[in-house]
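S.K.: Sequence first, predicted model second:
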Amino acid sequence: MIPQFDIKHYVLGILLLAVLFGCTTEAERNRMRAGLDSINVLNRTDQPFTPDDVRPYVDFFDKEAKAFFTLLSSDSIHNDQLLAHYLLGRAYHEKGDAPMALESYQHAIDHADTTSASCDYKQLSRVYAQMADLFYFQGLYREQMKNTKASVYYAWSGKDTLAALMSYEQLFLCYNSLGLIDSAIYVIEDVAHRYDNLGYTNYAATSLGLIMKPLVETGDYIKARKYMHRYESETGLFDSSGNIAKGREVYYKIKGLYYFYNNVLDSAEYYFRKELHDGKDFHNQHSAAQGLILLYQKLDRIDSIAKYSLYAYAMNDSLNAQNQAKELKRIQSMYDYSCHQEEARKEKIKATLANQRLLVSLVILLVISLVASWLYIARKQVMENLRKSQIALNTYRVELRLLQQDKSASEQCISEKERRIRQLEQKMGRYAKLVYFGSEVADNNLKMSPNYQKVKAMAYKGQSLSAEEWKIIGQLIGEYFPGCYDFLLSKLKADSIEYKICLLLRLHFKAGDIANMLGFSSAYVSKVSSEILKKTFNKKGSSKELSTTLCKIF
């Protein structure tokens, strides 16, 4: 006979199974929570951990949230999920995997129950702060601003005043990157005032350091000086001799600019050189060189301008190379090369470089005696061009200051003057390269240029050139041989046949190639070349002689 059970028996049975289930998993839940907390401690103390370390906790608490029965409260589960996914994002973040980090941070946000009074708002604020940080380094400043504001909002919701102010301070980076300088300055002054009210004077003084450069550049020297005093006396970043903590040497550039714009040039030079001496990284070296260029432009010291223009360009190249190396390292980290393969690759590169250096050294020793006198004459020519450019640059700077003071001057006039100043500064940098390296290096760099290769390919195909390609040719001459470019514009009409023939000859194209590119016969190109040579240089000869003559102008 089958026993009969009423509904009460079934309910009691289900409850009994549920209690038994809860009892058998309580130890596991406690263990998983403790494990998650231990990883959180690693995160807060900047100790390493990997996505594989965090993944079991993410899976466990996601499974708990979906379970039919659990002893954990809904609020507890959501907060555990929030923390687990956040820590997974931090692991990917440190690994350099930005897409996976952002995905994990977004999952953390999705699991937060912001409708609950028990929501861990402090943790949610940290998630948004980390997302803002990633967007900043990706150059997505609008996204950075949106997430930073969310971080501030949830920090206030969690009554974490200090965290809210620190996140609020990060809005400076958003506004500054977007060129909204007034807003950037307002944020820092406001947050510094709030820090002061709470007694965090060192935080206030440190934050004010962020706006000293914008204040100096906008001419608000009174505030800049006031904040400099607070920065030096209240942050604790300076030793008894007035030296700033290592890694913050860029402050010397800001202080140097303050003295420069106030015409205290001895002090300006002192701080520019202090940054050059103390800040050994590429960023500080480049920054200090730029400061010294400004100073020597004002003092009209041409040799020093050339020296530091070249150094600034070299540091800029090093910075670009450094950034490219970091990106390459991030990409290569996705692959699992063995140590043996990596060492073999390095040894091969080292041997190749050694052979290249030996070959270059032999070539240099062979030709140096033949070109020494010619390089001396050419250097004098470029120095003269550099001097003329400096005079023109000084004139433009004076005109720009007058325009900025003239309230009736249009923004278009000011922008045009600023554009010309930038062009002259770029030209001076090119001249500085020529002063120190000569036209051989310029020619070699030209031949390696992708734009030159593109034009060369079209010449070999016998194709005529478009207006856009002629523009590229003009840019190539202007970039690698600025002296020749200026000379041709002063002697020949732009876009004339004579002008185009000279451009192509300077780029080492032969008469036959030029004829194809212009749609004329080789005889006509030779005839025009002879006329240019006679009219412009008072010489007789062919297109080859004209090419040789043009190559001496750089």
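M.R.: Good, I have the coordinates.
S.K.: where does the stretch 251-400 of the chain have low pLDDT?
M.R.: 312-313, 315-348, 351, 358, 362-363, 365-390, 392-394, 396-398 (pLDDT under 70).
S.K.: Swap in 80 and give it another go.
M.R.: 282, 306, 308-400 (pLDDT under 80).
S.K.: Equivalent analysis for the stretch 101-250 of the chain, please.
M.R.: Within the stretch 101-250 of the chain, the stretches with pLDDT under 80 are 138.
S.K.: how about the helices of it, start to end?
M.R.: 121-137, 141-157, 161-169, 171-177, 181-197, 201-208, 212-217, 221-234, 250-261 (DSSP state H, counting those that start in this stretch).
S.K.: How far off centre is stretch 444-456?
M.R.: 26 Å (Cα atoms, centre = their mean, to the nearest Å).
S.K.: What are the buried residues along it?
M.R.: Neighbour-count burial for stretch 444-456, counted by 16 or more other Cβ atoms under 10 Å, picks out 446, 449, 452, 455, 456. C-beta here means a position set from N, CA and C on the backbone, and glycine is covered the same way.
S.K.: Tell me the one among those nearest to residue 478.
M.R.: Residue 478 lies nearest to residue 446 out of the buried residues of stretch 444-456, by Cβ to Cβ, at 11.6 Å.
S.K.: Serialize the helices of the stretch 101-250 of the chain to TSV and add fields for mean neighbour count.
M.R.: Shown next, in TSV, are those (neighbours: other Cβ atoms under 10 Å):
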stretch	mean neighbour count
helix 121-137	21
helix 141-157	20
helix 161-169	20
helix 171-177	21
helix 181-197	17
helix 201-208	21
helix 212-217	20
helix 221-234	17
helix 250-261	22
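S.K.: Please list all residues in contact with residue 104.
M.R.: Shown in contact with residue 104 (Cβ atoms under 8 Å, 6 or more residues apart in numbering): 85, 86, 88, 89, 92.
S.K.: out of the buried residues of stretch 444-456, which one sits closest to residue 487?
M.R.: Closest to residue 487, out of all of the buried residues of stretch 444-456 and judged by Cβ to Cβ, is residue 446, at 17.0 Å.
S.K.: For the residue lying closest to that closest one once chain neighbours are set aside, the count of nearby residues, please.
M.R.: Of all residues not flanking residue 446 in the chain, residue 480 sits nearest, at 4.5 Å (Cβ to Cβ, 6 or more residues apart in numbering). Residues within reach of residue 480, counting by other Cβ atoms under 10 Å, total 25.
S.K.: State the distance from residue 480 to residue 151.
M.R.: Between residue 480 and residue 151 the distance is 48 Å, computed by Cβ to Cβ, to the nearest Å.
S.K.: Repeat that for residue 143.
M.R.: From residue 143 across to residue 151, the span is 13 Å (Cβ to Cβ).
S.K.: taking the buried residues of stretch 444-456 one by one, which sit in helices?
M.R.: Among the buried residues of stretch 444-456, the residues falling in helices (DSSP state H) are 446, 452, 455, 456.
S.K.: got a list of what the second one touches?
M.R.: If you count contacts by Cβ under 8 Å, 6+ apart, residue 452 has them with 446, 476, 507.
S.K.: at 10 Å instead, please
M.R.: Contact analysis of residue 452 by Cβ atoms under 10 Å, 6 or more residues apart in numbering lists 445, 446, 472, 473, 476, 480, 507, 508.
S.K.: Make CSV out of the residues you listed and add pLDDT.
M.R.: Shown next, in CSV, are the contacts of residue 452 (pLDDT from 0 to 100):
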residue, pLDDT
445, 77
446, 81
472, 86
473, 88
476, 82
480, 78
507, 90
508, 88
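S.K.: could I get the residues you listed as JSON lines with distance to residue 408 and secondary structure?
M.R.: Formatted as JSON lines, these follow (distance: Cβ to Cβ, whole Å; DSSP: H, G, I helix; E, B strand; the rest coil):
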{"residue": "445", "distance to residue 408": "45", "secondary structure": "helix"}
{"residue": "446", "distance to residue 408": "45", "secondary structure": "helix"}
{"residue": "472", "distance to residue 408": "39", "secondary structure": "helix"}
{"residue": "473", "distance to residue 408": "40", "secondary structure": "helix"}
{"residue": "476", "distance to residue 408": "40", "secondary structure": "helix"}
{"residue": "480", "distance to residue 408": "41", "secondary structure": "helix"}
{"residue": "507", "distance to residue 408": "45", "secondary structure": "coil"}
{"residue": "508", "distance to residue 408": "50", "secondary structure": "coil"}
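S.K.: Could you check how many residues crowd around the closest residue to residue 512 other than its chain neighbours?
M.R.: Leaving aside its sequence neighbours, residue 512 sits nearest to residue 522 (Cβ to Cβ, 6+ apart; 5.1 Å). Per other Cβ under 10 Å, the neighbour tally for residue 522 reads 15.
S.K.: Relative to residue 509, how far out is residue 522?
M.R.: Counting by Cβ to Cβ, the gap from residue 522 to residue 509 is 12 Å.
S.K.: Mind listing the shared neighbours of those two?
M.R.: The contact lists of residue 522 and residue 509 share 515, 516, 543, where a contact means Cβ under 10 Å, 6+ apart.
S.K.: Quick one, which of the helices of the stretch 101-250 of the chain gets closest to residue 311.
M.R.: helix 250-261 (14.5 Å).
S.K.: In terms of secondary structure, what does the host helix or strand of residue 475 contact?
M.R.: For residue 475, the element it lies in under DSSP states H and E is helix 467-480. Secondary-structure packing of helix 467-480 (3 or more Cβ pairs under 10 Å, 6 or more residues apart in numbering; DSSP states H and E): helix 411-437, helix 439-448, helix 450-460, helix 482-491, helix 497-506, helix 511-518.
S.K.: ok, residues contacting the shortest one?
M.R.: I take that to be helix 511-518. Helix 511-518 is contacted from outside by 455-456, 458-465, 469-470, 473, 497, 500-501, 503-505, 507, 509, 520-526, 528-529, 542-544, 546-547, using Cβ under 10 Å, 6+ apart.
S.K.: And it, what's buried?
M.R.: Neighbour counts over helix 511-518 (16+ other Cβ under 10 Å) mark 511, 513, 514, 515, 516, 517, 518 as buried.
S.K.: which one among these gets closest to residue 215?
M.R.: For the buried residues of helix 511-518, the nearest to residue 215 is residue 517 (54.0 Å; Cβ to Cβ).
S.K.: that older thread, may I see the ones in helices among the buried residues of stretch 444-456 organised as TSV, with distance to residue 135 added?
M.R.: Formatted as TSV, those follow (distance: Cβ to Cβ, whole Å):
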residue	distance to residue 135
446	39
452	38
455	40
456	42
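S.K.: Just the CA coordinates for stretch 203-212, please, in PDB.
M.R.: Listed next in PDB are the C-alpha coordinates belonging to stretch 203-212 (Å, rounded to 0.1, in the frame of the first residue of the first chain):
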ATOM      1  CA  TYR A 203      45.800  67.500  -1.100                       C
ATOM      2  CA  ALA A 204      44.700  71.000  -1.900                       C
ATOM      3  CA  ALA A 205      48.300  72.300  -2.500                       C
ATOM      4  CA  THR A 206      49.000  69.200  -4.700                       C
ATOM      5  CA  SER A 207      45.900  69.700  -6.800                       C
ATOM      6  CA  LEU A 208      46.700  73.400  -7.300                       C
ATOM      7  CA  GLY A 209      50.000  72.200  -8.900                       C
ATOM      8  CA  LEU A 210      47.900  70.900 -11.900                       C
ATOM      9  CA  ILE A 211      46.800  74.400 -13.000                       C
ATOM     10  CA  MET A 212      50.100  76.300 -12.600                       C
END
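S.K.: please begin residue numbering at 4 from this point
M.R.: Okay, residue one is now 4; in that scheme the one you just asked about reads as stretch 206-215.
S.K.: sorry, back to before: restricted to helices, list the contacts of residue 107.
M.R.: Counting by DSSP H, the contacts of residue 107 place 88, 89, 91, 92, 95 in helices.
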